[in-house]
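[1] Generate coordinates for the sequence data below:
(one chain, ligands or ions: 1)
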Amino acid sequence: MVKRKDVLLLAVFLGGFSGLAVAVGRLGADLAPAILASLVVTVVAVLGACALRWLQRQFADQNEQAMATYHQLESLVWLSNALSVRQPLPAMRTWAISPDFAATLFSLLRGMNWPVRILELGGGVSTVIAGYCIREQGGHIVSLDHDADYAERTRRTLEQHGLSDLATVLHAPLIETPVDGQSWCWYDLRDVPDDRPFDLLIVDGPPAATQALARYPALPMLLDRLAPDAVVLVDDAHRADDRATIARWLETSGEFTMEDVATEKGAAILRRMRRSEIGKVDATTRTDGAEALQRSGRSRRKLRTGT
Ligand SMILES: C[S@@+](CC[C@H](N)C(=O)[O-])C[C@H]1O[C@@H](n2cnc3c(N)ncnc32)[C@H](O)[C@@H]1O
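    Modelled structure (predicted):
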């Protein structure tokens with residue numbers, strides 16, 4: 001895209017030379033061709049400089065995107081090996097989680113006490129990844145989807161991967177729900193089992209377009225279904241709306257510490273504090289998405305060199 005600064009620069013040059021040409025034209029007709037020639041040369045030079053700057057920016061953008069894609073591929077390859085997947089995984093990114101979020105989920109689950117009970121808001125490839133982790137170490141995932149077709153799609157994918165026994169996918173339509181004195185569109189929770197608390201809550205739904213702070217009800221609605229040392233993993237934490245949601249959770253509940261994970265879409269890990277820690281710990285930390293891989297045993301460097 002041509003920047004406003006470049007257009008302004010061009011306008012200043014053109015204005016300046018036009019003024020000069022008029023002034024010199026008044027002084028004498030002999031100088032007019034020379035002025036015109038220098039005007040043309042300057043305009044060509046300025047246009048060339050603008051085009052060069054534009055190309056440099058395009059190359060920088062392309063390079064950035066290529067690197068971002070490379071990092072995602074790196075996470076995906078690593079994850080596919082670590083999980084010994086038996087079928088290609090469904091497409092990631094866009095609506096689905098990105099591979100670096102999947103690696104973060106894997107790494108988080110590896111560090112938890114097993115068997116682990118997971119509740120997920122917004123299912124898809126993330127349910128499959130969690131299913132593979134559970135297959136290794138034990139546990140169960142309950143995944144809610146507001147959309148019956150997507151719920152069915154996730155069930156079919158789990159079946160293809162031989163993971164159906166480890167996951168319960170519930171169609172939970174969004175219904176009017178009062179939360180903090182306001183009305184929200186929130187999952188119908190009536191079928192969510194309440195026999196045992198959940199150790200991990202994955203927040204990747206409902207879609208942001210549902211309403212402002214669409215995912216805010218997650219904590220107020222589900223806090224009493226979470227284990228005392230539960231962890232909440234949030235996707236899309238780069239979006240202003242979701243950052244505001246997390247800030248409001250931290251402010252209103254006062255029971256969680258937050259770790260900011262620098263994944264492609266941004267992720268946050270909220271850890272519930274023990275009662276004795278509440279008020280004493282004021283921890284918000286930042287980590288790189290790449291650390292998810294490193295913590296799981298292999299560094300990016302090793303992956304690059306294949307060692
Ligand atoms: C952010 S998506 C959840 C993605 C999921 N965690 C995954 O990793 O695939 C939230 C909801 O959007 C819906 N959804 C998924 N893919 C979609 C698509 N391509 N277009 C529109 N809605 C979609 C589903 O109902 C899903 O529960």
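[2] What about the residue in the stretch 101-250 of the chain that the ligand sits nearest to, how many residues nearby?
    Nearest residue of the stretch 101-250 of the chain to the ligand: residue 124, at 2.0 Å (Cβ to the nearest ligand atom). No exception for glycine: its C-beta is placed from N, CA and C like everyone else's. Close neighbours of residue 124, defined as other Cβ atoms under 10 Å, add up to 24.
[3] do you know how far it is from residue 170?
    Per Cβ to Cβ, to the nearest Å, residue 124 is found 14 Å from residue 170.
[4] And the contacts of the helix or strand containing residue 153?
    Element membership for residue 153 (DSSP states H and E) is helix 148-160. Helix 148-160 is contacted by residues 87, 90, 123-125, 127-128, 131, 143, 145, 164, 166-167, 169-171, 173 when judged by Cβ atoms under 8 Å, 6 or more residues apart in numbering.
[5] and if we set it to 6 Å?
    Here helix 148-160 makes contact (Cβ atoms under 6 Å, 6 or more residues apart in numbering) with 87, 90, 123-124, 127-128, 131, 145, 164, 167, 169, 171.
[6] Check stretch 215-229 too.
    Under the criterion Cβ under 6 Å, 6+ apart, residues 179, 184, 186, 197-199, 203, 245, 249, 272 lie in contact with stretch 215-229.
[7] among these, which two are most distant?
    Greatest spatial distance among the contacts of stretch 215-229 (Cβ to Cβ): 184 and 199, at 25.1 Å.
[8] Residue 177 versus residue 19, what's the distance?
    67 Å.
[9] So if I had to pick from those two, which one is more boxed in?
    residue 177 (16 against 10).
[10] list the buried ones in the helix or strand hosting the more buried one?
    In this structure, residue 177 sits in strand 174-179 according to DSSP H and E. Along strand 174-179, these residues count as buried under the neighbour rule (16 or more other Cβ atoms under 10 Å): 174, 177.
[11] hmm, who's touching the helix or strand following it?
    Downstream of strand 174-179, the next assigned helix or strand under DSSP H and E is strand 182-187. For strand 182-187, the external contacting residues (Cβ under 6 Å, 6+ apart) are 144, 172, 174, 176-177, 210-211, 217.
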